[in-house]
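Colleague: Predicted structure and sequence below. I'll ask about it afterward.
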Amino acid sequence: MEKLTKRLIIFLLIGIILTVAPLIYSFKPQLSSNVEHWAFIASYFGGIMSPYIAALALIALLSTLKQQSDQIALLKKQTQSNQIETMLSKIECDFATPLKETLLNLKIRGKEINYTFLDPITALAFPRWEEVIPNIDDLDPSKEYDYLSQEIMQLDLYTSASSYLKLIKVYAEKHEAITGSNILSAYYKKKYKIPYKRLHQKGFLKEPWE
């Protein structure tokens, strides 16, 4: 739009010059004392310049409308971006809170140690996390379970956590598509790389976060 506007203005200026040039060329000093000649010049300029002035005014109006449209689009993107960032913060809280508030009792080297359900999926050096985090298909349909047991709680909480991680991935990628910047999506991808990878390996998440 800006390039087109510049080209139109240039063409109009060239048209004005080509229109006015013959009059300037034929203008003689003695015309300045002739009222009829000045009236003719004024009429000539008025008739010739009016379409050009109208065209320039139209170009200015279109340019203003385009700028306003761009500003509205930018504001809309900013609003969407802010909404996604707010949503991501809420999802993060929903992801971490139940995991941090639920104790995980493990026996390591003969000692019982209390962790939280968040530790096995986020702690880089967590001991034998592969054995602690269950597989999604570990439930045996023929076996009776205590639904308050630690095993069932793990499957339930890690299934829920996987859903939140999936949402974080979706919203982070949507933010990148809207803003054209991958800074936020790269941040979340790095932040949740370990839990996403571990739950993916255990079958809770079907697709990797590439």
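Modeller: Happy to help now that I have it. Numbers count the residues shown, from 1 in each chain.
Colleague: Quick check: phi and psi at residue 93.
Modeller: phi -60, psi -40 (degrees, to the nearest 10).
Colleague: no no, residue 72
Modeller: phi -60, psi -40.
Colleague: Contact partners for the residue lying closest to residue 179 once chain neighbours are set aside?
Modeller: Leaving aside its chain neighbours, residue 179 sits nearest to residue 81 (5.4 Å; criterion: Cβ to Cβ, 6 or more residues apart in numbering). Where you see a C-beta, it was placed from the backbone N, CA and C, and this is true even at glycine. Counting by Cβ atoms under 8 Å, 6 or more residues apart in numbering, residue 81 touches 175, 178, 179.
Colleague: I'd like these written out as a markdown table, with neighbour count, secondary structure and pLDDT added.
Modeller: Converted to a markdown table, the contacts of residue 81 look like this (neighbours: other Cβ atoms under 10 Å; DSSP: H, G, I helix; E, B strand; the rest coil; pLDDT from 0 to 100):
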| residue | neighbour count | secondary structure | pLDDT |
| --- | --- | --- | --- |
| 175 | 22 | helix | 95 |
| 178 | 16 | helix | 92 |
| 179 | 16 | helix | 91 |
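Colleague: Who are the contact partners of residue 203?
Modeller: Per Cβ under 8 Å, 6+ apart, neighbours of residue 203: 135, 136, 137.
Colleague: Now the element after the helix or strand containing residue 164, going C-ward?
Modeller: Assigned by DSSP states H and E, residue 164 falls within helix 150-179. Remark: after helix 150-179, the chain's next helix or strand is helix 183-191, criterion DSSP H and E.
Colleague: Serialize the contacts of residue 81 to JSON lines and add fields for distance to residue 124.
Modeller: Listed next are the contacts of residue 81 as JSON lines, based on distance: Cβ to Cβ, whole Å:
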{"residue": "175", "distance to residue 124": "26"}
{"residue": "178", "distance to residue 124": "32"}
{"residue": "179", "distance to residue 124": "30"}
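Colleague: residue contacts, residue 176?
Modeller: By Cβ under 8 Å, 6+ apart, the contact set of residue 176 is 182, 184, 185.
Colleague: Does residue 115 belong to a helix, a strand or coil?
Modeller: strand (DSSP: H, G, I helix; E, B strand; the rest coil).
Colleague: domains of the protein?
Modeller: As assigned by automatic domain parsing, the chain contains the domains 2-76, 77-201.
Colleague: Kindly compare burial across those and name the winner.
Modeller: Mean neighbour count (mean count of other Cβ atoms under 10 Å) peaks for domain 77-201 among the domains of the chain, with a mean of 15.
Colleague: got the end-to-end distance for that domain?
Modeller: End-to-end distance for domain 77-201, by Cα to Cα, to the nearest Å: 36 Å.
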